[in-house]
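1. okay, here's the prediction I keep looking at, along with the sequence it came from:
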Amino acid sequence: MKFFFRSAKPEDDADDVLVASYSNTGNIAVLGKLYERYMPLVYGVCLKYLADEEKAKDAVMGIFEELVTKVKQHDVKQFRPWLYVVARNYCLMQLRAAKKLDVVALDDFMEFAPVLHPDTDDRELSLKALELCMSKLSMAQKQSIDLFYLQEKCYKEIVGLTGFSLNEVKSYIQNGKRNLKICLEKTSEQ
């Protein structure tokens, strides 16, 4: 049985090799080659969040411009998942800048959109239910949810403001979201 190995071409380099090469040389062509591999992924993420093809295309270009500095600033171990987070955060910042992310849209990004009172479309009742459920959260969860979703702080800022560790902040937000969802579902059944 024969095995054929083809020689590695520069375009066949692993992501981590290209990241290291770009970090050391600052060669935009290397970063471009790496980014080109994931442009469909980035476009898909942008289209999901921005819901507009032209805005998604613009975001793909804007994200590349951010990568020029961000790749050098961060110790990127796995490029693909890191890039996904960068793309998602970029889109969320675009939505925030456009004032499209308000308290009511919070449901979309928290992965639940309960129908709190099916008989009525009363926004006030929904907000009161959300407020009631927020009051039932632990202080750490409530504070983390408030800072992240309502005050639009990033994890690092929340760590600085609260003194919680990064893992605690992530846990409080995740568990707080789950507890809010459970509470709101119970409220809607009443």
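-> Nice, I can see it.
2. give me the domain ranges for this structure.
-> As assigned by automatic domain parsing, the chain contains the domains 11-97, 106-189.
3. which of the ones you listed has the lowest mean pLDDT?
-> Mean pLDDT is lowest for domain 106-189 among the domains of the chain, at a mean of 77.
4. roughly how far does residue 181 sit from residue 175?
-> According to CB to CB, to the nearest Å, residue 181 and residue 175 sit 11 Å apart. Where you see a C-beta, it was placed from the backbone N, CA and C, and this is true even at glycine.
5. could you dump the domains of the chain to CSV with mean neighbour count?
-> Shown next, in CSV, are the domains of the chain (neighbours: other CB atoms under 10 Å):
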stretch, mean neighbour count
domain 11-97, 16
domain 106-189, 15
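6. run the chain-centre distance for the host helix or strand of residue 127.
-> Per DSSP states H and E, residue 127 falls inside helix 123-135. Between the centre of helix 123-135 and the centre of its host chain there is 25 Å, according to CA atoms, centre = their mean, to the nearest Å.
7. and it, what does it pack onto?
-> Here helix 123-135 touches helix 139-145, helix 166-189, going by 3 or more CB pairs under 8 Å, 6 or more residues apart in numbering; DSSP states H and E.
8. among the ones you listed, which comes closest to residue 73?
-> helix 166-189 (16.9 Å; CB to CB).
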